[in-house]
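A.B. asks: No sequence on hand, only this structure:
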Ligand SMILES: CC(=O)N[C@H]1[C@@H](OP(=O)(O)OP(=O)(O)OC[C@H]2O[C@@H](n3ccc(=O)[nH]c3=O)[C@H](O)[C@@H]2O)O[C@H](CO)[C@@H](O)[C@@H]1O
Ligand SMILES: C=C(OP(=O)(O)O)C(=O)O
């Protein structure tokens, strides 16, 4: 199993190219299931989750050619509308094949994703929405079996805001008979990016970027070309790294307006931010100030940035509270940060972080994707060496992170077992 070895090494300087967003690329790859024509994608990040999704699509009979950050999909030859447990268990986003398969082929068989380190993460709202559209759904032997000769438009109000739930129902609705209204829809930029691709494929969608999506179903969708939006969470992670370690770094390939809540908190922490249409420059000297926040749905502060800000608060001046409202178990990084000398106490869904002047390197274990990122940030500022085990979590969602950080002066290297 690969590990990352980091030596705390002072400020970071230079440029970093941000990759395409994992959470946009995964639903967008699934949209390739909705058509028999070619879908050309660019800015697809080089991630384990993308490789897993391509494997899953190929197994169903999709032709998927990948060259660098471009992917060409063709779903003319799909012969098996099924997502097996072996792939779903490694990547929960596999559930995103359910809506497109059912809408285009009238049937789908998708392994139920299990819980994961950050919470139980049920998919009841995906199922409820498809049932409202006339699907018959049974759950047997760990699989969701869904059937519908043709889905029918419906008005669907999900019990909570769900990102992949909105994406699954949106994709299903594009080929349904009649109008679907998705109330309480997720407004995350990655949902909008998917919707923009669907429109290019011939879908009729109104309300993109709002919490009410209105979709007029069409008989079929065609091919399209699309560039995946930049990854705001990857960008946010590098911003936190500079905020903690100090330095002057410009991130390229990222729209700053989709990071408003994160940039606000960084400014509050004392970080200097400048930005243009597709870049963000971050400058920091001295110790950050601790910042309190609570996670919430977009456009508020993202849960996927909570762990990285916890690492930043760990070395900040003062104390702050961090409240996690999206997932019931997303504080697994706290124990590991404390192994590095942080002072963090958990009270229910709130963590109280009292900043310390310095962390000290140690052996730590990554427990999930963003927990891994928080340990990398902590390792960059800790005195001495930090060895992070189980970085397969990091590889799911970061494109060559150690290369990008080395290029701006970090002492970080992968140790392959
Ligand atoms: C691939 C992808 O895009 N992953 C993102 C997506 O995950 P994901 O789409 O899985 O997260 P959701 O938005 O669905 O989850 C939000 C909350 O709703 C609950 N819930 C959700 C669906 C459902 O049917 N029933 C239910 O109870 C979840 O357990 C969670 O507590 O949004 C999360 C919240 O921004 C991010 O952290 C993930 O990075
Ligand atoms: C929780 C995340 O991803 P996933 O939904 O793929 O597990 C994440 O990107 O932080």
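C.D. replies: Nice, thanks for sending it over. Keep in mind that what you see is a predicted model, and the values were worked out from it rather than measured. Ligands and ions are numbered 1, 2, ... in the order given.
A.B. asks: Strands of the stretch 51-200 of the chain, residue ranges please.
C.D. replies: Under the criterion DSSP state E, counting those that start in this stretch, the stretch 51-200 of the chain contains strands at 63-67, 70-74, 82-83, 107-111, 136-140, 143-147, 155-157, 179-183.
A.B. asks: which helices and strands sit right next to the third one?
C.D. replies: Strand 82-83 sits against strand 107-111, with contacts defined as 3 or more Cβ pairs under 8 Å, 6 or more residues apart in numbering; DSSP states H and E. Glycine gets a C-beta too; all of them are placed from N, C-alpha and C.
A.B. asks: Near ligand 2, which residues of the stretch 251-400 of the chain are found?
C.D. replies: If contacts are counted using Cβ under 6 Å from any ligand atom, the residues of the stretch 251-400 of the chain sitting beside ligand 2 are 304, 369-370, 397.
A.B. asks: and the end-to-end length of stretch 55-67?
C.D. replies: Between the opening and closing residues of stretch 55-67 there is a gap of 15 Å (Cα to Cα, to the nearest Å).
A.B. asks: does any part of that stretch sit near ligand 2?
C.D. replies: No. For stretch 55-67, no contact with ligand 2 is found by Cβ under 6 Å from any ligand atom; the gap never falls below 13.6 Å.
A.B. asks: Tell me if that stretch is near ligand 1.
C.D. replies: No. Judged by Cβ under 6 Å from any ligand atom, stretch 55-67 stays clear of ligand 1, getting no closer than 13.6 Å.
A.B. asks: Stretch 374-394 too?
C.D. replies: No. With Cβ under 6 Å from any ligand atom as the measure, stretch 374-394 is seen stopping short of ligand 1, the closest distance being 12.6 Å.
A.B. asks: contacting residues around stretch 251-259?
C.D. replies: Residues outside stretch 251-259 that contact it (Cβ atoms under 8 Å, 6 or more residues apart in numbering) are 15-19, 43, 189, 229-232, 235-236, 238-239, 263, 275-282.
A.B. asks: In strands, which of the residues you listed fall?
C.D. replies: In strands, judged by DSSP state E, the following of these are found: 15-17, 275-276, 279-282.
A.B. asks: Tabulate the residues you listed (a markdown table), appending pLDDT, distance to residue 97 and neighbour count.
C.D. replies: Supplementary listing: these in a markdown table, determined by pLDDT from 0 to 100; distance: Cβ to Cβ, whole Å; neighbours: other Cβ atoms under 10 Å:
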| residue | pLDDT | distance to residue 97 | neighbour count |
| --- | --- | --- | --- |
| 15 | 98 | 36 | 13 |
| 16 | 98 | 32 | 25 |
| 17 | 98 | 30 | 12 |
| 275 | 98 | 36 | 17 |
| 276 | 98 | 37 | 11 |
| 279 | 98 | 35 | 17 |
| 280 | 98 | 34 | 25 |
| 281 | 98 | 39 | 17 |
| 282 | 98 | 37 | 25 |
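A.B. asks: Nothing else from me, thank you.
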